[in-house]
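Trainee: make a model of this:
(one chain, ligands or ions: 2)
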Amino acid sequence: MNTAELPPRESMEFDVVIVGAGPAGLAAAIRLKQVAPEKSVVIVEKGSEVGAHILSGAVVDPIGLDTLIPEWRTEESFVRTAVTEDRFCVLGPSGGWRLPNLLMPPLLSNHGNFIVSLGDVCRYLARKAEALGVEIYPGFAAAEVLFENRAVIGIATGDMGVAKDGHHKEGFTRGMELHGKYTVFAEGARGSLTKGLIGGFDLAKDSQPQKFGLGLKELWQVAPEKHHSGLVQHTLGWPLNNRTGGGSFLYHFADDLVEVGFVVHLNYENPYLSPFEEFQRFKTHPLVRDTFAGGKRICYGARAISEGGWQSVPRVAFPGGVLVGCAAGFLNVPRIKGSHNAMLSGMLAAEHIAEALAQGRSNDELSSYDAAWRSSPIGRDLWRVRNAKPLWSKFGTLAGIALGGLDMWANTLGMPVFGTLKHGKSDFATLKPASQCRPIAYQKPDGKITFDRLSSVYLSNTNHEEDQPVHLLVRDSALQKSSEHDVYAGPSARYCPAGVYEWVEDAGRQRFVINAQNCVHCKTCDIKDPNQNITWVPPEGGGGPNYPNM
Ligand SMILES: Cc1cc2nc3c(=O)[nH]c(=O)nc-3n(C[C@H](O)[C@H](O)[C@H](O)COP(=O)(O)OP(=O)(O)OC[C@H]3O[C@@H](n4cnc5c(N)ncnc54)[C@H](O)[C@@H]3O)c2cc1C
Ligand code: SF4
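Mentor: Ligands and ions are numbered 1, 2, ... in the order given. Coordinates of the predicted model:
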């Protein structure tokens with residue numbers, strides 16, 4: 001059946017439609033109800049429940065929560081552990097150096113921050129939002145932006161019950177149209193609708209290309225003697241070489257939990273590099289592995305983070321809609337923190353929307369929000385660190401971090417030295433042909449501290465309806481073979497943290513296999529495919545990981 005023959009979609013009218021129940025979307029909804037309780041607000045969330053697709057560190061700067069819900073500390077909100085010790089180390093293959101905290105720019109200090117599961121924070125925010133009258137629909141992906149006279153008028157959720165070959169199965173249900181006077185896009189890093197809006201409205205024409213990292217994370221229950229409640233440790237260096245950006249985090253929280261993760265900057269050059277395997281390797285370092293001895297890995301997942309910062313934020317307002325949170329790129333890379341700015345930007349957007357609604361306006365451009373963020377706490381947070389990522393990319397880890405530290409000190413003291421540096425190429429364009437690179441030999445997993453992809457994905461509780469159209473769209477199959485495989489040696493099989501992509505020999509020919517049901521929605525393929533030949537679109541609502549507390 002083609003679209004013209006489909007039954008019409010039902011529609012519902014709201015004042016504000018929000019896509020995504022992460023910290024940004026939920027903060028926007030709560031703030032709207034705080035300042036304009038009579039306005040109707042709806043959120044759609046593609047995860048099976050709020051929090052199911054949330055993956056973060058997470059050490060949270062409480063500025064967002066304090067501003068939104070001042071009473072959160074005195075309520076039964078969520079498990080949190082105050083940071084008691086902050087360590088920053090540079091690793092070599094067999095040892096490491098701890099950098100004295102006194103040398104670190106004060107903005108990197110975690111004093112006063114809390115270690116949490118961001119998924120749990122979102123569940124708390126969702127309860128708050130619902131108590132204020134916000135309607136939240138988990139299990140529904142926003143699949144299409146709706147326009148009228150070149151202005152956004154809402155979104156449509158995806159149809160349910162379409163088979164892999166396109167025919168309608170029993171129980172086929174048409175998506176719903178949710179119309180809003182304003183629509184807030186809070187999809188997080190590399191949002192699928194956001195990407196279309198940035199292109200369609202040319203929102204990035206005056207900004208640098210957005211940069212990304214891939215963050216992989218495991219949650220461990222560790223032996224009591226290995227747990228140091230409140231310890232926050234970050235590392236740089238090994239196992240990555242000096243030309244490859246990234247690093248680890250290790251957060252001890254609750255009674256016996258450790259959140260361990262590894263971020264690889266997606267401007268890496270060697271197509272043989274596997275972020276997943278680098279993460280596994282990192283856990284074997286002599287200064288780290290002991291933490292996991294006698295412990296149990298209880299969850300795994302991965303998610304892209306936006307790393308471009310100040311220079312890469314596109315225009316965040318357009319007719320009928322706004323971008324908030326990591327969809328806009330408000331993450332502070334050296335702090336590895338974005339949840340505070342996600343919440344602050346949700347609130348800021350909400351205040352501008354409420355003001356416009358009070359004036360009887362609708363579906364126009366909220367240029368006041370776009371103008372406001374740079375002089376708000378979000379802008380001040382990103383401005384001081386704007387050169388950290390470009391310096392790292394240009395000079396490699398050791399020199400880049402030293403220069404970045406100097407620049408952050410200089411900016412803190414109000415004496416910037418480097419101006420505002422550029423990022424250079426988009427991440428998809430940084431891969432070198434395989435012929436110019438050395439294959440990397442990774443060790444087999446031991447099943448105790450290091451693991452393979454498939455047993456890892458199992459711990460993400462990922463589940464998709466199998467009989468549905470593949471949600472990873474390859475534009476040109478011939479190009480995938482002639483370039484991704486023949487020139488770059490098939491990096492998708494290595495960058496995908498869930499083992500979705502494989503090149504398989506079939507009757508003497510290479511065939512590109514997509515195990516779409518394993519996808520954890522990290523969005524890396526959409527970012528890193530060297531030809532931008534893969535597009536991630538939302539699968540049927542409710543599909544994807546089911547993170548209990550990531
Ligand atoms: C490994 C890692 C470690 C991190 N560590 C920290 C840290 O320690 N501290 C910190 O502050 N920040 C950290 N961050 C960053 C932080 O997680 C993000 O800045 C924050 O989650 C951004 O919030 P958001 O609401 O913009 O997007 P997200 O948290 O990504 O939420 C977006 C939501 O929208 C939903 N969604 C997306 N598209 C659609 C659609 N089309 N239809 C319906 N729903 C949709 C998603 O399912 C998701 O629930 C880390 C990130 C990673 C990956
Ligand atoms: S298929 Fe793409 S979005 Fe899904 S897990 Fe793999 S890299 Fe991430």
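Trainee: what segments of the stretch 1-150 of the chain are strands?
Mentor: 11-19, 41-45, 59-60, 81-82, 85-91, 96-98, 114-115, 135-138, 142-148 (DSSP state E, counting those that start in this stretch).
Trainee: in the stretch 251-400 of the chain, which residue sits closest to ligand 2?
Mentor: Of all residues in the stretch 251-400 of the chain, residue 302 sits closest to ligand 2, with a separation of 6.6 Å (Cβ to the nearest ligand atom). C-beta here means a position set from N, CA and C on the backbone, and glycine is covered the same way.
Trainee: right, and that residue touches residue 522 too?
Mentor: Yes: with contact defined as Cβ atoms under 8 Å, residue 302 counts as touching residue 522 (4.3 Å).
Trainee: show me what secondary structure element comes after the top helix by length along the chain.
Mentor: Longest among the helix segments of the chain by residue count, using DSSP state H, is helix 388-412. Later in the chain than helix 388-412, the nearest helix or strand by DSSP states H and E is helix 453-458.
Trainee: the helix or strand just after that following helix packs against which elements?
Mentor: Following helix 453-458 in sequence order, the next helix or strand is strand 472-474 (DSSP H and E). Strand 472-474 sits against strand 509-514, strand 534-536, with contacts defined as 3 or more Cβ pairs under 8 Å, 6 or more residues apart in numbering; DSSP states H and E.
Trainee: related to what we said a few turns ago, phi and psi next, for the residue of the stretch 251-400 of the chain closest to ligand 2.
Mentor: The phi and psi values for residue 302, taken as degrees, to the nearest 10, are phi -150, psi 150.
Trainee: what do you get for residue 220?
Mentor: Backbone dihedrals for residue 220, given as degrees, to the nearest 10, come out at phi -120, psi 140.
Trainee: now do the contacts for residue 484.
Mentor: 490, 491, 492, 512, 529, 530, 531, 533 (Cβ atoms under 8 Å, 6 or more residues apart in numbering).
Trainee: which positions in the stretch 351-500 of the chain make contact with ligand 2?
Mentor: Applying Cβ under 6 Å from any ligand atom, we find that the stretch 351-500 of the chain lies next to ligand 2 at 472, 496, 497, 498, 500.
Trainee: now for those residues: which two are most distant?
Mentor: Farthest-apart pair in these is 472 and 497; separation 13.9 Å (Cβ to Cβ).
Trainee: more neighbours, the two?
Mentor: residue 497 (28 against 20; other Cβ atoms under 10 Å).
Trainee: need phi/psi at the more buried one.
Mentor: Given degrees, to the nearest 10, the pair of backbone angles that residue 497 has is phi -80, psi 0.
Trainee: and it, what does it touch?
Mentor: 214, 216, 275, 276, 302, 453, 456, 520, 522, 524.
Trainee: same check, this time on residue 87
Mentor: By Cβ under 8 Å, 6+ apart, the neighbours of residue 87 are 98, 231, 232, 233, 234.
Trainee: kindly recompute the last result at 6 Å.
Mentor: residue 233 (Cβ atoms under 6 Å, 6 or more residues apart in numbering).
Trainee: now it: how far from ligand 2?
Mentor: 30 Å (Cβ to the nearest ligand atom, to the nearest Å).
Trainee: same question for residue 177.
Mentor: Residue 177 is 27 Å from ligand 2, by Cβ to the nearest ligand atom.
Trainee: returning to what we had before: can you tell me which of the residues of the stretch 351-500 of the chain next to ligand 2 is nearest residue 227?
Mentor: Nearest member of these to residue 227, counting by Cβ to Cβ, is residue 497, at 26.3 Å.
Trainee: quick check: closest non-adjacent residue to the closest one.
Mentor: Taking Cβ to Cβ, 6 or more residues apart in numbering, and ignoring the residues beside it in sequence, residue 497 has residue 302 as its nearest neighbour in space, at 3.8 Å.
Trainee: what's the offset of stretch 350-360 from the middle of its chain?
Mentor: On the basis of Cα atoms, centre = their mean, to the nearest Å, stretch 350-360 sits 28 Å off its chain's mean C-alpha point.
Trainee: show me what that stretch is in contact with.
Mentor: 28, 31, 32, 35, 36, 182, 366, 368, 369.
Trainee: ok, of those residues, which come out buried?
Mentor: The neighbour-count test (16 or more other Cβ atoms under 10 Å) marks 28, 31, 32, 35, 36, 182, 366, 369 as buried among these.
Trainee: closest to ligand 1 out of the residues you listed?
Mentor: Once Cβ to the nearest ligand atom is applied, the member of the buried ones among the contacts of stretch 350-360 that ends up nearest ligand 1 is residue 28, at 9.1 Å.
Trainee: ok, that closest one - contacts?
Mentor: 18, 184, 324, 346, 349, 350.
Trainee: circling back to that earlier point, can you put the residues of the stretch 351-500 of the chain next to ligand 2 in TSV and add distance to residue 436 and pLDDT?
Mentor: Listed next are those as TSV, based on distance: Cβ to Cβ, whole Å; pLDDT from 0 to 100:
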residue	distance to residue 436	pLDDT
472	27	97
496	22	98
497	25	98
498	28	98
500	26	98
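Trainee: just to revisit the earlier point, among the strands of the stretch 1-150 of the chain, single out whichever gets nearest to residue 164.
Mentor: strand 142-148 (16.8 Å).
Trainee: what parts of the stretch 201-350 of the chain come near ligand 1?
Mentor: Residues of the stretch 201-350 of the chain lying near ligand 1 by Cβ under 6 Å from any ligand atom: 215, 217, 261, 263, 303, 305, 325-327, 331, 336-340, 342.
Trainee: can you pick out the most distant pair from these?
Mentor: Pairwise over those, using Cβ to Cβ, the maximum falls at 261 and 327, 21.3 Å.
Trainee: more neighbours: those two, which one.
Mentor: Each of residue 261 and residue 327 has its neighbours counted (other Cβ under 10 Å); residue 327 has more, 31 against 25.
Trainee: backbone phi and psi for that one, please?
Mentor: Phi and psi for residue 327, reported as degrees, to the nearest 10, are phi -60, psi -30.
Trainee: what helix or strand is the residue of the stretch 451-550 of the chain found nearest ligand 1 on?
Mentor: Nearest to ligand 1, among the residues of the stretch 451-550 of the chain, is residue 538, at 4.8 Å (Cβ to the nearest ligand atom). Counting by DSSP H and E, no helix or strand carries residue 538.
Trainee: among the residues of the stretch 201-350 of the chain next to ligand 1, which are located in helices?
Mentor: Counted as lying in helices by DSSP H, out of those, are 339, 340, 342.
Trainee: list the contacts of the first one.
Mentor: Contact criterion Cβ under 6 Å, 6+ apart gives 23, 60, 118 as the residues in contact with residue 339.
Trainee: good, wrapping up.
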